[in-house]
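Asker: predicted coordinates and the sequence they were generated for:
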2 protein chains.
Amino acid sequence: MTRILGIDPGLNATGWGLLEIAPDGAAGLRWGTIRPPEGPLSDRLNNINWRVKELIERHRPDSVAVERPFNHRNVKTAVTLGQAQAAAMIAAAAFGVAVHEYPPRQVKEAVTGLGSADKAAVKQALIARLGLADLDAPADAADALAIAFCHHLMTPIEEKLEIL
Amino acid sequence: MTRILGIDPGLNATGWGLLEIAPDGAAGLRWGTIRPPEGPLSDRLNNINWRVKELIERHRPDSVAVERPFNHRNVKTAVTLGQAQAAAMIAAAAFGVAVHEYPPRQVKEAVTGLGSADKAAVKQALIARLGLADLDAPADAADALAIAFCHHLMTPIEEKLEIL
């Protein structure tokens, strides 16, 4: 069983999605959204940090995949996303879990074949490729699942066999 | 005794400076530089996070003051500085210590009277205003001490008395 925790970082809403892939290819999913309460930036980042730590303690992922905040023209937005991402990365590193970063375009391309795919297309591709009946995850969590699935697709076969 | 921990965040070098102000105005200083070992971004951020946690556990500051990475035209540089800042902020928030952010210009203006002051002028102003014989702190640590002193100057008198 390979477990990948995907994280779509954001200060108001950090989506998470746990993807479990069994040796026979069957997939199990869990997801949710971390919504830090209103308050100082430091407290909100700390909230994301310990919530992600809780997720790692509970689900013991083999790796963590996070969205890299890159294609933002607005510096302030990019800094804030980078800080939410840092909160998640620090949580993983504190448990010695490897962290992999993927830019949004790469996630979309890996999952759907098209770097410019919209959210609906990403969700449809997840449903089809993971053999799901449906996926009623909210947008942030669906993005996080897509990031986790992207990491699964990017991981070389040898490494997957070693984990299994 | 008021203790302020100033942080000048950076991925390669995070300067820190502890400023202790006694009720009679006498100042005590400690400083250093956190240099995360080479490695993945997540491990380097985690290193900054736990080193700052160590400093807070050892020195028990009343507040933490950090430089806010704002006036950068390069988005990638701003994101990296923001992430190093986040690592320090999360450490403070985990101990329930209040975090205050100051942009570089405000720090220089508060300490020297001039927002465009250079590093030498900031160091000279610290020496003069804190009544030091000399200050042989490296640049990152001197910046961190300036941030801590800026916070001291910005704190209303009533709040200082309450702390003392």
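Answerer: Happy to help now that I have it. Numbers count the residues shown, from 1 in each chain, chains lettered A, B, ... in the order given.

Asker: so the residue nearest the centre of chain A bridges to which residues?
Answerer: Residue closest to the average C-alpha location in chain A (CA atoms, centre = their mean): residue A:6, at 2.0 Å. Applying DSSP bridges to residue A:6 yields these beta-bridge partners: residue A:17, residue A:65.

Asker: check contacts around it.
Answerer: For residue A:6, the contacting residues are A:16-19, A:64-66, A:143-151, by CB atoms under 8 Å, 6 or more residues apart in numbering or on different chains. Where C-beta positions appear, they are placed from N, C-alpha and C, glycine not excepted.

Asker: mind listing the helices for chain A?
Answerer: Assigned by DSSP state H, chain A shows helices spanning A:41-59, A:75-94, A:104-112, A:119-130, A:139-154, A:157-163.

Asker: dihedrals phi and psi, residue A:68?
Answerer: The phi/psi pair for residue A:68 (degrees, to the nearest 10) reads phi -90, psi 130.

Asker: correct me, but it touches residue A:103?
Answerer: Yes: if you go by CB atoms under 8 Å, residue A:68 and residue A:103 touch, sitting 4.9 Å apart.

Asker: hey, what's the residue nearest to residue A:2 when sequence neighbours are not counted bridged with?
Answerer: Leaving aside its chain neighbours, residue A:2 sits nearest to residue A:21 (4.7 Å; criterion: CB to CB, 6 or more residues apart in numbering or on different chains). For residue A:21, the beta-bridge partners are residue A:2, residue A:27 (DSSP bridges).

Asker: please name whichever of the helices of chain A is nearest to residue B:27.
Answerer: Nearest of these to residue B:27, taken as CB to CB: helix A:41-59 at 25.3 Å.

Asker: buried set for that closest one?
Answerer: A:41-49, A:51-53, A:55-56 (16 or more other CB atoms under 10 Å in any protein chain shown).

Asker: out of these, which are close to chain B?
Answerer: When contact is defined as CB under 8 Å from any CB of the partner chain, these meet chain B at A:41-43, A:45-46, A:49.

Asker: closest one to residue A:29 out of those residues, please.
Answerer: residue A:49 (23.7 Å).

Asker: ok, the closest one - contacts?
Answerer: Residue A:49 touches A:87-88, A:90-91, B:90, B:94, counting by CB under 8 Å, 6+ apart.

Asker: and of these, the nearest to residue A:122?
Answerer: Each of the contacts of residue A:49 was checked against residue A:122 using CB to CB; the closest is residue A:88, at 19.9 Å.

Asker: that closest one touches residue A:66, doesn't it?
Answerer: Yes: when contacts are counted by CB under 8 Å, residue A:88 is listed as touching residue A:66 (5.6 Å).

Asker: can you list residues touching both of the two?
Answerer: Taking CB under 8 Å, 6+ apart as the contact rule, residue A:88 and residue A:66 both touch A:7, A:9.

Asker: rewinding a little: the residue nearest to residue A:2: neighbouring residues, count only.
Answerer: By the measure other CB atoms under 10 Å in any protein chain shown, the count of residues near residue A:21 is 22.

Asker: again, but for residue A:24
Answerer: Using other CB under 10 Å, residue A:24 is surrounded by 5 other residues.

Asker: ok, now residue A:115?
Answerer: Other residues lying near residue A:115 total 13 when counted by other CB under 10 Å.
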